[in-house]
Structures are given as structure tokens and as C-alpha cells.
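Engineer: Got a sequence here, can you build the structure:
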Amino acid sequence: MPNRYSKAARAAKNLTNKQLGEELAKLSPLNDQKLRELLPRKRDKECFAELMAMVEGEAAKDKQLAYLSKNLQTTGKVVLKVLKYFV
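Structural biologist: Numbers count the residues shown, from 1 in each chain. Take a look at the predicted model:
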């Protein structure tokens, strides 16, 4: 039987993550505008969002590394674009 609060908790988590991300973006040199410039394609943004969700999630490091390994062809390109900004 699913928890009756799970949907509300998930929505609250997503909202909190979005708000926190917006606040952190103000402090970071990699803000939302710069990210749009680095990742103009919708698919790149989706890959980056999936990667960030995996990194920010509670998954074990082994699971995070497995995700990177499995998705290296798509996610790797996005990571390189973003990292290049900092170099």
C-alpha cells in the first residue's frame, strides 16, 4: 500500500530542489543563463538534469559510477561541455 503522503513529499522535494538550485545559481559563476548557452539543445539539458539528480540523490557512489558508465556516450558529452567552462 503506497504512503498517502508520498506524492506530496515528492512534489515538495522537487520544489525545494528547484528553489535551492535557483539560489545556488545566483552564487555560482555557472548561472542559468550560462548553462543555457553551454547546453542549447533540449536533450543536453535533459542529460544534465538526469546527471544532477543522480549526483544529488542518495544513491551510493557505486550506483552513481554505474550510471555514468552506462550513460557515458550521452552524459559524457554534457559533462565535458560544462567542465570546459571552468577550465
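Engineer: got the buried residues for stretch 64-83?
Structural biologist: 67, 75, 78, 82 (16 or more other C-beta atoms under 10 Å). C-beta here means a position set from N, CA and C on the backbone, and glycine is covered the same way.
Engineer: Check which helices and strands the helix or strand residue 51 falls within sits against.
Structural biologist: According to DSSP states H and E, residue 51 maps onto helix 42-56. Helix 42-56 is packed against helix 61-70, helix 72-86, with contacts defined by 3 or more C-beta pairs under 8 Å, 6 or more residues apart in numbering; DSSP states H and E.
Engineer: redo that, cut-off 6 Å
Structural biologist: Applying 3 or more C-beta pairs under 6 Å, 6 or more residues apart in numbering; DSSP states H and E, we find helix 42-56 packed against helix 72-86.
Engineer: From the contact counts, what lies against the helix it packs on?
Structural biologist: So helix 72-86, by 3+ C-beta pairs under 6 Å, 6+ apart, packs with helix 42-56.
Engineer: can you pull the pLDDT of the residue sitting nearest the centre point of the chain?
Structural biologist: Geometric centre of the chain, nearest residue: residue 52, 2.1 Å, by C-alpha atoms, centre = their mean. With respect to pLDDT, residue 52 has a value of 85.
Engineer: Done for today, thanks.
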